[in-house]
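Q: sequence and computational prediction follow.
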Amino acid sequence: MPRAAQISPSILSADFARLADDLARIQGADWAHVDIMDNHFVPNLTIGLPVVQALLAASDLPVDCHLMIEDPDRWAPGYAEAGAGSVTFHIEAAAAPIRLARNLRAAGARAGMALKPATPVEPYLDILGEIDMLLVMTVEPGFGGQSFLDVVLPKLKRCSEAIRGRELDVWLQVDGGVSAETIERCAEAGADVFVAGSAVYGADDPARTIEALREQASKAMPA
Ligand code: DX5
Ligand code: ZN
């Protein structure tokens, strides 16, 4: 059965002084993508668990946490326990990814695993059954508004083939530089969850942009 395209706008491009208002502007989205950065795994610092707890209390939109942090083994389960619907850790930072994914699922969240642009998927093919979502970064993590890296598309396709070949129910998320110009290439390569920060919050009408991106992606997704 073909999956529907899901749009997860990144609030990294929202107004941090008006987060509740900016969540309300993306109510038509499938998720709110929340970028957690610790200034160690990436050269930027954003928000942590207390703000995620406040977001969860302020909105019914499911929260998709993307943890760009060192030691996710220690910190990630807290986001799942707080009620985030999806919690994604970076494989480059995880000490025991299988145990971590199981802990996230046990705490009630979907478990996500992220790959930086130059991290190959091949060493991790055997653990895809332990996760609910694979996140393929199409920019170097750390900042919104960067240019999409086409060079990652062949890896995205290999990830999709690996998931389909194993008949796994694993979502394939793409994050970084996703816009009206790039979303079709991502969908054609097999992505089904699309993060977009600047493309949504930089638009005059974020709600309409979410609808347009979802329609563009759905049309381009292979049957
Ligand atoms: C980058 C973040 C992304 C980013 C996306 O490190 O993980 O979620 O905010 O922003 P855009 O869509 O502007 O590239
Ligand atoms: Zn992200």
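A: Structure's in. What do you need? Ligands and ions are numbered 1, 2, ... in the order given.

Q: excluding its backbone neighbours, what's nearest the residue of the chain at minimum distance from ligand 1?
A: The minimum distance from the chain to ligand 1, using Cβ to the nearest ligand atom, falls at G197 (2.9 Å). C-beta here means a position set from N, CA and C on the backbone, and glycine is covered the same way. Excluding the flanking residues, the one nearest G197 by Cβ to Cβ, 6 or more residues apart in numbering is S10, at 3.3 Å.

Q: show me what that neighbour bridges to in the sheet.
A: Going by DSSP bridges, S10 is paired in beta bridges with H33.

Q: poorly predicted segments of the chain, please.
A: Within the chain, the stretches with pLDDT under 70 are 1-2.

Q: hey, what's the closest residue to D30 other than its chain neighbours bridged with?
A: Nearest residue to D30, sequence neighbours excluded (Cβ to Cβ, 6+ apart): Q6, at 3.9 Å. Beta-bridge partners for Q6, by DSSP bridges, are V193.

Q: how far away is the closest residue to D15 other than its chain neighbours from G197?
A: Once flanking residues are discounted, D15 sits nearest to D22: 5.6 Å by Cβ to Cβ, 6+ apart. D22 is 11 Å from G197, where distance means Cβ to Cβ, to the nearest Å.

Q: circling back to that earlier point, who's in contact with the residue of the chain closest to ligand 1?
A: 9-13, 33, 35, 144-145 (Cβ atoms under 8 Å, 6 or more residues apart in numbering).

Q: which among those gets closest to D205?
A: Ranked by distance to D205 (Cβ to Cβ), the contacts of G197 are led by P9 at 12.7 Å.

Q: one step back: which residues are in contact with each of D22 and G197?
A: Joint contacts of D22 and G197 (Cβ under 8 Å, 6+ apart) are I11.

Q: spatially nearest residue to M113, not counting backbone neighbours?
A: In this structure, M113 finds its nearest non-sequential neighbour in I131, 4.8 Å apart by Cβ to Cβ, 6+ apart.

Q: the residue nearest to G197 reaches D35, doesn't it?
A: Yes: at 5.9 Å, S10 counts as touching D35 under the criterion of Cβ atoms under 8 Å.
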